[in-house]
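Participant: pasting the sequence and the predicted model now:
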Amino acid sequence: MIRRIAITGPESTGKSILSESLARHFKTQWVPEYAREYLALLETQYKQSDILEIAKGQLCAEEEHKTYANNFLFCDTDLLVTKIWSEVKYGNCDEWILQQLVNHSYDLFLLCDIDLPWAPDPLREHPNFRKELFDIYLKNLKLYKFPFAIVRGTGIDRMNNAIKIIDEYFIHTPLVSK
């Protein structure tokens, strides 16, 4: 059984680095953030309909990488990211994303804390809204009753904290295939 772990949270919280590092540590696959690939190919400003396409692309990428995964599949972002992105930017979210958010399950969410310094990037939009975004993620994880833990720390400490969370969670939590 492959256990899906979503690395989630606001912009510039180290999701990509953590996903790749955890996959290397656990000798498995990670799913890069599909939004980066998608937005790099756009020749205009993105629209709300693009967020739906990004969500679909992210799920397809997960299925592709799952084939080669070993015990765990680390997902750099997830449908919660697209939901919150859409709601913050446009005030609502496509029904397909909301439905998939409930139906497409992860065994664990790692919510990345905002304790890392902001790193500018052309795709990032909210350098001064990080605390509010973190609170939105936390509220949603609790609302949907998703299993989650907050990952804190910088550098190697962040990764070690995530490894400890994963080890403890999967040792002490009975797993049910979803």
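Facilitator: Alright, I've got the coordinates. Residues are numbered from 1 along each chain as shown.

Participant: quick one, helices of this protein?
Facilitator: 15-25, 34-41, 48-66, 79-90, 95-103, 130-143, 156-172 (DSSP state H).

Participant: end-to-end on stretch 44-53?
Facilitator: Using C-alpha to C-alpha, to the nearest Å, the end-to-end distance of stretch 44-53 comes to 15 Å.

Participant: average pLDDT across it?
Facilitator: pLDDT averaged over stretch 44-53 equals 94, rounded to a whole number.

Participant: related to what we said a few turns ago, now mean neighbour count too, for the helices of the chain, in TSV please.
Facilitator: All C-beta spots, glycine's among them, are computed from the backbone N, C-alpha and C. Output for the helices of the chain, formatted as TSV (neighbours: other C-beta atoms under 10 Å):
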stretch	mean neighbour count
helix 15-25	19
helix 34-41	15
helix 48-66	17
helix 79-90	20
helix 95-103	14
helix 130-143	15
helix 156-172	15
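
Participant: got the contact list for the lowest-mean-pLDDT helix or strand in the chain?
Facilitator: Comparing every helix and strand of the chain by mean pLDDT, DSSP states H and E singles out helix 34-41 as the least confident one, with a mean of 90. Contacts made with helix 34-41 from outside it, assessed by C-beta atoms under 8 Å, 6 or more residues apart in numbering, are listed as Tyr46, Asp50, Glu53, Ile54, Gly57, Gln58, Ala61, Thr77, Thr82, Leu123.

Participant: what's the angle between that helix and helix 15-25?
Facilitator: Angle, helix 34-41 to helix 15-25, by axes from the mean of the first three to the mean of the last three C-alpha atoms, to 10 degrees: 130 degrees.
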